[in-house]
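Enquirer: The following block contains a protein sequence and its predicted model.
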Amino acid sequence: SKTFRIAPSILSANFARLGEEVDNVLAAGADIVHFDVMDNHYVPNLTIGPLVCEALKKHGVTAPIDVHLMVKPVDRIIPDFAKAGATYITFHPEASEHVDRTIALIRECGCKPGLVFNPATPLDVLEYTLDKLDMVLLMSVNPGFGGQKFIPYVLDKARKVRQMIDARGLNVSLEIDGGVGPANILEVAQAGVDTFVAGSAVFGAAKDSDPHRYDTVIGAL
Ligand code: DX5
Ligand code: ZN
C-alpha cells in the first residue's frame, strides 16, 4: 500500500505572508512543503535560498521541507540548506559535475537525496543511482515557472520509474512537479506517482484571507 503525499509549491504562495500560507496548507492536509530554489542561471527565474528555509523552521514548520534545487553549481549550497532545516534535497543531474558525489554530500549532510529529471532528460543515470536515492522527481513542465501546462508524455516516464523502483524492491518516493491539479491527479497517481507537487492549483485557489481557503482544493487532490 502506497502513501500519497501532497506537496504544495510555495512558489505560488504570497511571499509577504509566507509563514501563514504554509501553516494554512499544512492545516488543510498538505504533507510536505515544496521549496523551489532558482538561480537565474540554471533556470530563468530567481527565487529563495537557505535564509527563507531557516525562517520557515523558526516559524515552527515541522512538516518535511522538500528543497528542489534549480541551481548550478549545486554542491556549495547543499550544506547551507542542510543547516537551514531541509529534509529532502533534490537536484538536476545536468547541474552537477559529479552526480554520485552530490548524492553522497546530501546524505553526509543528514538530508534525503533525490534526482530531478526535466521532461526531455532520459533516465539513464538512475541505473547506478536509484538505490542511493530517497526520491525521484519528474518534471512535468520545463523548470522555471509555476502555472505551466502539464506535459503528458511524462506519464510514460512515471510508469518506467515506478517499474524500476518496484522491480528492485526499493523504498524511493516518486514525485511529480508541474501542472498538477484536480483535473489530472488521478491519472498521475495511476502512473505510479506517490508525491504530488502543486503550486498554482493550491495557492491560486482563493485570494481571500480565510485560513480555511485551501481545504477544498487540498481535499480534492
Ligand atoms: C517549476 C517548479 C514547480 C512549480 C509548480 O519550475 O519546480 O514546483 O512551482 O507550479 P505549478 O503547480 O503551478 O505548475
Ligand atoms: Zn519544484
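Expert: Structure's in. What do you need? Numbers count the residues shown, from 1 in each chain. Ligands and ions are numbered 1, 2, ... in the order given.
Enquirer: Every contact and neighbour count from this point should use C-alpha atoms.
Expert: Noted.
Enquirer: Dump the lowest-mean-pLDDT helix or strand in the chain to CSV, restricted to CA.
Expert: Across the helices and strands of the chain, mean pLDDT, DSSP states H and E gives its lowest value to helix 215-220, namely a mean of 76. Listed next in CSV are the C-alpha coordinates belonging to helix 215-220 (Å, rounded to 0.1, in the frame of the first residue of the first chain):
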residue,chain,number,x,y,z
ASP,A,215,-9.3,23.0,2.5
THR,A,216,-11.4,22.4,-0.6
VAL,A,217,-8.6,22.2,-3.2
ILE,A,218,-6.3,20.0,-1.0
GLY,A,219,-9.3,17.9,-0.2
ALA,A,220,-9.9,17.5,-3.9
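Enquirer: From the rest of the structure, what touches it?
Expert: By Cα atoms under 8 Å, 6 or more residues apart in numbering, the residues outside helix 215-220 that reach it are Ile6, Val25, Ala28, Gly29, Ala30, Pro182, Ala201, Val202, Ala205.
Enquirer: roughly how far out does it sit from the chain middle?
Expert: Using Cα atoms, centre = their mean, to the nearest Å, the mean C-alpha position of helix 215-220 is found 19 Å from that of the whole chain.
Enquirer: Report the buried residues of that helix.
Expert: Judged by neighbour count (16 or more other Cα atoms under 10 Å), helix 215-220 contains these buried residues: Asp215, Val217, Ile218.
Enquirer: can you pull the contacts of the most centrally placed residue in the chain?
Expert: With distances taken as Cα atoms, centre = their mean, His34 lies nearest the centre of the chain, 4.7 Å away. Remark: with contacts taken as Cα under 8 Å, 6+ apart, His34 is in contact with Ala7, Pro8, Ser9, Ile10, Ile65, Asp66, Val67, His68, Val197.
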